[in-house]
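Asks: this one's sequence-less:
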């Protein structure tokens, strides 16, 4: 992703201030690292294990600031 330092700072501050909260924890695989397959950790009762984190996925694709470019914040 290519952003000017000013825009990167704005994006970072926005995520940091507005999107903090409980998020599902990723499962730990056999090598004792977090799953790279998107599997979540569950409690014995089947509910998700939660942890403090940032509830945001940023997908910026082909953005040059002109109409028709795709920008998505989830």
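Replies: Sure thing, it's come through. Because the structure is a prediction, the values reported are computed rather than measured.

Asks: find the residue closest to residue 50 in space, skipping its chain neighbours.
Replies: Closest residue to residue 50 apart from its sequence neighbours, by Cβ to Cβ, 6 or more residues apart in numbering: residue 22 at 4.4 Å. For the C-beta atoms, the positions are set from N, CA and C on the backbone; glycine is no exception.

Asks: can you name the residues bridging to that neighbour?
Replies: Beta-bridge partners for residue 22, by DSSP bridges, are residue 52.

Asks: how about it, what does it touch?
Replies: Applying Cβ atoms under 8 Å, 6 or more residues apart in numbering to residue 22 gives the contacts 50-53, 55.

Asks: check it and give its pLDDT.
Replies: For residue 22, the pLDDT comes out at 89.

Asks: same thing with residue 12?
Replies: On the pLDDT scale, residue 12 gets 83.

Asks: list the contacts for it?
Replies: No residues are in contact with residue 12 under the rule Cβ under 8 Å, 6+ apart.

Asks: which parts of the protein are strands?
Replies: 20-24, 50-54, 58-61, 70-73 (DSSP state E).

Asks: tell me where this structure has helices.
Replies: With DSSP state H, the ranges of helices along the chain come out as 5-18.

Asks: pLDDT weak spots in it?
Replies: Scanning the chain for pLDDT under 70 picks out 1-2, 31, 35-36, 57-74.

Asks: quick one, what contacts the closest residue to residue 16 other than its chain neighbours?
Replies: Once flanking residues are discounted, residue 16 sits nearest to residue 54: 7.6 Å by Cβ to Cβ, 6+ apart. Neighbouring residues of residue 54 by Cβ under 8 Å, 6+ apart: 15-16, 19-21, 23.
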